[in-house]
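Student: Structure, please.
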Amino acid sequence: MSTSTTEAPAGTAVRRGRLRLDGVRKSLGGKEVVSAVDLETEPGEFLTLLGPSGCGKTTTLNMVAGHLTADGGVIEVDGRDITGTPPHRRSMGMVFQSYALFPHMTIADNVAFGLRMRKVAAAERRRQVDEVIEMVGLGGMAGRHPRQLSGGQQQRAALARALVIQPDLLLLDEPFSNLDAQLRVRLREEVVALQRRIGTTTILVTHDQEEALAVSDRIAVMADGVIHQLDRPSEIYLRPGTDFVAQFIGEVNALDGTAAGPAADGYACRVAGVTVAATPVGEPPAEGADVRVYVRPEVVRVGAGGNGLTGSVRETRFLGSRIRCVVTTQAGTVTAALPFDAEVPEVGAEVTCAWRPSDASLTAR
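Tutor: Numbering: from 1, shown residues only. The predicted structure follows:
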């Protein structure tokens, strides 16, 4: 938590909080749950640690916060080694999944708690509390207790308590998971807008792929205690670097083949006797190497004739914003997500599934 009460000028986005993890690891119950994680953020960045339960993302966040002690490696903020620094001296605000508001305190007292611990004068404390309560949209509710607020309002109060100390890092541990779907979307949009306004480096932990794609500047996809890929949301989605990332993020067509060398419009490979093209992730594979092509359903074009994988339409289903079209091809099942107003082929029709090489990724197997 922050030891500073210095304010930035009104309307100024503060750019601070460069976090660096170097070889950070942690074992719990005799099992290594975080394995030599390397990570660096930019000041003001919104970074998400994304992965399934047990992947190490929450353990990593708790080591950054100081609630767990790393077994090895270095944690730095703005070049300062804080690996052994206690939590209350780390200049971090944290919002928990359970909100963790004090039930016997008013919202104003909850928000003011960190300032009181820092011995901020009463008048200044009231001013800062009033300001941040207004900022998160709880004006007029300062005198209420947590039980008198809805789930979304409680989450805003927890966010206000984390922000009032003006932290270098804002840590969010699955903060929207207890909210209903519509409120979750609305509140996360509010949090992103607020984060952009104040410029505080923010680390979010979530298992929700859609949420991560919607809010992040970059995403670190984790599994089995390691980061599989760290990149922008668009690259994570369209250029998955490992099979785990491809399968975990949304729906994907995974097609196995053999590298056939560079092509004019990408990198060629042979899939079930047909030459298709894709864009390599990292270094292009050697010609003849076993490769895997990843193609998202929404970039697959389905039509009569042309170059691509041919097959028979097995199923079509209207899903509102799109139409799911499943085609049985010589390389296996290919799923396409067609626009809702597209011309839908009949079940049993012979079609070709094709895509632009820039819309498909290619990795070595």
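
Student: switch to C-alpha atoms for all contacts and neighbour counts from now on
Tutor: Will do.

Student: What is the least confident helix or strand in this structure?
Tutor: Ranking every helix and strand in the chain by mean pLDDT, DSSP states H and E puts helix 181-198 at the bottom, with a mean of 87.

Student: Can I get that one in PDB? Just the C-alpha atoms.
Tutor: The C-alpha trace of helix 181-198 is given here as PDB (Å, rounded to 0.1, in the frame of the first residue of the first chain):
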ATOM      1  CA  ALA A 181     -23.400 -11.200 -16.500                       C
ATOM      2  CA  GLN A 182     -24.800  -7.800 -17.500                       C
ATOM      3  CA  LEU A 183     -23.400  -6.000 -14.400                       C
ATOM      4  CA  ARG A 184     -20.000  -7.700 -14.900                       C
ATOM      5  CA  VAL A 185     -19.700  -6.300 -18.400                       C
ATOM      6  CA  ARG A 186     -20.800  -2.800 -17.400                       C
ATOM      7  CA  LEU A 187     -18.600  -2.600 -14.300                       C
ATOM      8  CA  ARG A 188     -15.500  -3.800 -16.200                       C
ATOM      9  CA  GLU A 189     -16.000  -1.200 -18.800                       C
ATOM     10  CA  GLU A 190     -16.200   1.500 -16.000                       C
ATOM     11  CA  VAL A 191     -13.000   0.100 -14.500                       C
ATOM     12  CA  VAL A 192     -11.200   0.300 -17.800                       C
ATOM     13  CA  ALA A 193     -12.300   3.800 -18.400                       C
ATOM     14  CA  LEU A 194     -11.300   4.800 -14.900                       C
ATOM     15  CA  GLN A 195      -7.900   3.100 -15.300                       C
ATOM     16  CA  ARG A 196      -7.300   5.000 -18.600                       C
ATOM     17  CA  ARG A 197      -8.100   8.200 -16.900                       C
ATOM     18  CA  ILE A 198      -5.900   7.900 -13.800                       C
END
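
Student: For it, buried residues please.
Tutor: Residues 184, 187-188, 195-196, 198 are the ones in helix 181-198 that count as buried (16 or more other C-alpha atoms under 10 Å).

Student: hey, what's M222 bridged with?
Tutor: I227 (DSSP bridges).

Student: before we move on, the earlier item: the least confident helix or strand of the chain packs against which elements?
Tutor: Here helix 181-198 is seen to pack against helix 209-215 when contacts are counted using 3 or more C-alpha pairs under 8 Å, 6 or more residues apart in numbering; DSSP states H and E.

Student: tally of neighbours for P339?
Tutor: P339 has 16 neighbours, counted by other C-alpha atoms under 10 Å.

Student: Who are the contact partners of it?
Tutor: Shown in contact with P339 (C-alpha atoms under 8 Å, 6 or more residues apart in numbering): 321-323.

Student: Ok, E251 next?
Tutor: With C-alpha under 8 Å, 6+ apart, E251 has these contacts: 296-297.

Student: what's the answer for the one 5 residues further on, then?
Tutor: Each residue near D256 by C-alpha under 8 Å, 6+ apart is listed here: 271, 290-293, 331.

Student: change it to 7 Å
Tutor: For D256, the contacting residues are 271, 291-293, by C-alpha atoms under 7 Å, 6 or more residues apart in numbering.

Student: Same check on D130?
Tutor: Shown in contact with D130 (C-alpha under 7 Å, 6+ apart): no residues.

Student: Quick check: closest non-adjacent residue to the most centrally placed residue in the chain.
Tutor: Most central in the chain under C-alpha atoms, centre = their mean is A212, positioned 2.9 Å from the mean C-alpha point. In space, and not counting its chain neighbours, A212 is closest to T48: 6.2 Å by C-alpha to C-alpha, 6 or more residues apart in numbering.
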